[in-house]
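Chemist: Turn this into a structure:
(chains A and B)
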2 protein chains.
Amino acid sequence: MKEKKFTVVESNLVYEGAIISLHVDKIRNNEGKILEREVVEHLDAVGIAALDTNNNIVLVSQYRHPLKGDLLEIPAGLLAEGEDPADCAIRELKEETGYRAKKIEKLAAFYTSAGFTDERFYLFFSDDLEEGESELESDEEDIEVVLIPLEQAVAMASRGEIEDAKTLTAILMAAQKVGRIGL
Amino acid sequence: MKEKKFTVVESNLVYEGAIISLHVDKIRNNEGKILEREVVEHLDAVGIAALDTNNNIVLVSQYRHPLKGDLLEIPAGLLAEGEDPADCAIRELKEETGYRAKKIEKLAAFYTSAGFTDERFYLFFSDDLEEGESELESDEEDIEVVLIPLEQAVAMASRGEIEDAKTLTAILMAAQKVGRIGL
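Modeler: Below is the predicted model:
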C-alpha cells in the first residue's frame, strides 16, 4: 500500500458490536470532492491449509448465518487480542478438528473485501499433523470435519464448487506449495 | 450449501446505507441455545482476471478507505440491480482500464467473508482484449492501471506481495487457466 491521498472530514460511529463496528465517514479526495464511505471494522482472522499424512486437506463444514446455510471452509477463526497469527492458526485447527500442527508456515496475508472492511486474513500451511480430539465451544457444536484429497479439492476449485474465498485461495496455494501445481 | 439448522428468533436492522446494511440477529441452534450474529448485507460484486496480448494481467491501483491506503486489485465493481455478472465484468474492465473483453468466461463465485457478510463475488477471465479509453466516474479518478506479466504476478503472490484476496485468487486461477500451472 502507498500513502493515502484522501483525508477524513467526518467520522460517525454507527454501531459497535462483539465482532464488528461500523463507521460512516466523509472523506475529501485530491480534487476537494467529498465522498461518503461505509467502513466495517472487523477483527483480523486466521486460517490454515492443513494436509494430513494421506495428502487430504482438512476442512470443516459449518452453518454461516449470513448465507442461511452450511459452508465448506478451512479451519479458521478470529485473532485474539495480542495473539500471534501462527499460534492462532494452530489453536483454531486444534479446536475445530483435533489435529495438532507440529510445524506451520505462512502462505499469505490479505484483505478479504477492501472496499468496505479492514478485515485482514492470515493464511498458514502445515503438512505435519498429529491426530487428536477437537475442543469445540458450545456455539460451534455443529462443526463437521471433512477430509478431501488435495487433488480432488483442486478439481472442485476448478469446477467452481468451492464457495468460500479463503478456502479457494488456500487450496490453490497448498497445491502450489506441495508441487501439485508446477510454477 | 446444505439446509439451515438454525432459526432466526429476532432480527434488528441497525443501519441501512448506500452499499451495505447491518442486521443484528438472534438465532436458535439445534440444542435450543440462543446466539447473537452480526450480519452485513452487501451488494454482490464482480471482477475479472484479464490478460493482454503480451500475457500481462491488467490490474488497478486505487485508494481503499478501510485500509487508509492504496491497494493493487483486479478490475472489479458492484453488480447493478438485475445486471448479468458477465456484463458487469465487461463493464467494470472497460470503465476502469479502457480494455474491452471480446470473450469472457466464469472462473468462480465465492463468499468473501462468510462469517459476517453475505457478499458474493463473481470472478471472470478473459485473454481476448482490445485496447481503448477508460471511462472513470469522478469519484474513481484516482484509479491507476498497472500491467504485470502473469508469471511475475504469480511470483508476487507466492512471496505474499498480493494483499487483496480476490486478486490473489484471480492470479492463481488465471495461471492455472493458461497452463502456467499444470494440474
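Chemist: got the domain boundaries for chain A?
Modeler: Domain assignment for chain A by automatic domain parsing gives A:7-42, A:45-177.
Chemist: now the end-to-end length of the last one.
Modeler: One end of domain A:45-177 sits 22 Å from the other (C-alpha to C-alpha, to the nearest Å).
Chemist: Just give me how far it sits from the chain centre.
Modeler: Mean-position distance between domain A:45-177 and its chain equals 7 Å (C-alpha atoms, centre = their mean, to the nearest Å).
Chemist: Minimum distance to B:Glu83: which of the domains of chain A has it?
Modeler: Nearest of the domains of chain A to B:Glu83, taken as C-beta to C-beta: domain A:45-177 at 17.1 Å. For glycine as for every other residue, the C-beta is placed from the backbone atoms N, C-alpha and C.
Chemist: A:Arg28: how many residues sit nearby?
Modeler: Neighbour count for A:Arg28, taken as other C-beta atoms under 10 Å in any protein chain shown: 15.
Chemist: Wait, it touches A:Lys5, no?
Modeler: No - counting by C-beta atoms under 8 Å, A:Arg28 sits too far from A:Lys5 to count as a contact (9.9 Å).
Chemist: which one of the domains of chain A is the most hemmed in?
Modeler: domain A:45-177 (a mean of 20; mean count of other C-beta atoms under 10 Å in any protein chain shown).
Chemist: which residues of chain A fall in strands?
Modeler: Using DSSP state E, the strands of chain A run over A:7-16, A:20-28, A:34-42, A:45-50, A:56-64, A:69-73, A:76-78, A:100-101, A:105-111, A:120-126, A:129-130, A:144-149.
Chemist: For chain B, which of those is the nearest?
Modeler: strand A:69-73 (3.5 Å; C-beta to the nearest C-beta).
Chemist: Give me the helices and strands touching that closest one, please.
Modeler: strand A:56-64, helix A:165-177 (3 or more C-beta pairs under 8 Å, 6 or more residues apart in numbering or on different chains; DSSP states H and E).
Chemist: Provide the strand pairings for it, with the direction of each partner.
Modeler: strand A:56-64 (antiparallel) (DSSP bridges).
Chemist: Turn the strands of chain A into CSV, including mean pLDDT.
Modeler: Shown next, in CSV, are the strands of chain A (pLDDT from 0 to 100):
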stretch, mean pLDDT
strand A:7-16, 96
strand A:20-28, 96
strand A:34-42, 96
strand A:45-50, 98
strand A:56-64, 97
strand A:69-73, 96
strand A:76-78, 97
strand A:100-101, 98
strand A:105-111, 97
strand A:120-126, 98
strand A:129-130, 96
strand A:144-149, 97
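Chemist: got those as TSV, with distance to B:Thr112 columns?
Modeler: What follows is those, written out as TSV (distance: least, C-beta to C-beta, whole Å):
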stretch	distance to B:Thr112
strand A:7-16	20
strand A:20-28	14
strand A:34-42	11
strand A:45-50	12
strand A:56-64	12
strand A:69-73	12
strand A:76-78	13
strand A:100-101	26
strand A:105-111	10
strand A:120-126	10
strand A:129-130	28
strand A:144-149	21
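Chemist: just checking, A:His65 touches B:Val40?
Modeler: No - checked against C-beta under 8 Å, the pair A:His65 and B:Val40 is beyond contact range at 11.3 Å.
Chemist: Output stretch A:131-151 as PDB, nothing but the C-alphas.
Modeler: Provided in PDB are the C-alpha atoms of stretch A:131-151 (Å, rounded to 0.1, in the frame of the first residue of the first chain):
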ATOM      1  CA  GLU A 131      -4.400 -36.500  15.200                       C
ATOM      2  CA  GLY A 132      -6.300 -35.700  18.400                       C
ATOM      3  CA  GLU A 133      -9.600 -34.700  19.900                       C
ATOM      4  CA  SER A 134     -11.400 -31.400  18.900                       C
ATOM      5  CA  GLU A 135     -12.300 -28.900  21.600                       C
ATOM      6  CA  LEU A 136     -15.300 -27.100  20.300                       C
ATOM      7  CA  GLU A 137     -17.100 -24.400  22.300                       C
ATOM      8  CA  SER A 138     -20.900 -24.800  22.700                       C
ATOM      9  CA  ASP A 139     -21.800 -22.400  19.900                       C
ATOM     10  CA  GLU A 140     -19.600 -24.300  17.500                       C
ATOM     11  CA  GLU A 141     -21.000 -27.700  18.100                       C
ATOM     12  CA  ASP A 142     -22.300 -28.000  14.600                       C
ATOM     13  CA  ILE A 143     -18.800 -28.000  13.000                       C
ATOM     14  CA  GLU A 144     -18.200 -31.200  11.000                       C
ATOM     15  CA  VAL A 145     -14.700 -32.200   9.900                       C
ATOM     16  CA  VAL A 146     -14.400 -33.100   6.200                       C
ATOM     17  CA  LEU A 147     -11.200 -34.700   4.700                       C
ATOM     18  CA  ILE A 148     -10.800 -34.300   1.000                       C
ATOM     19  CA  PRO A 149      -7.800 -35.500  -1.100                       C
ATOM     20  CA  LEU A 150      -5.900 -32.300  -2.200                       C
ATOM     21  CA  GLU A 151      -6.100 -33.200  -5.900                       C
END
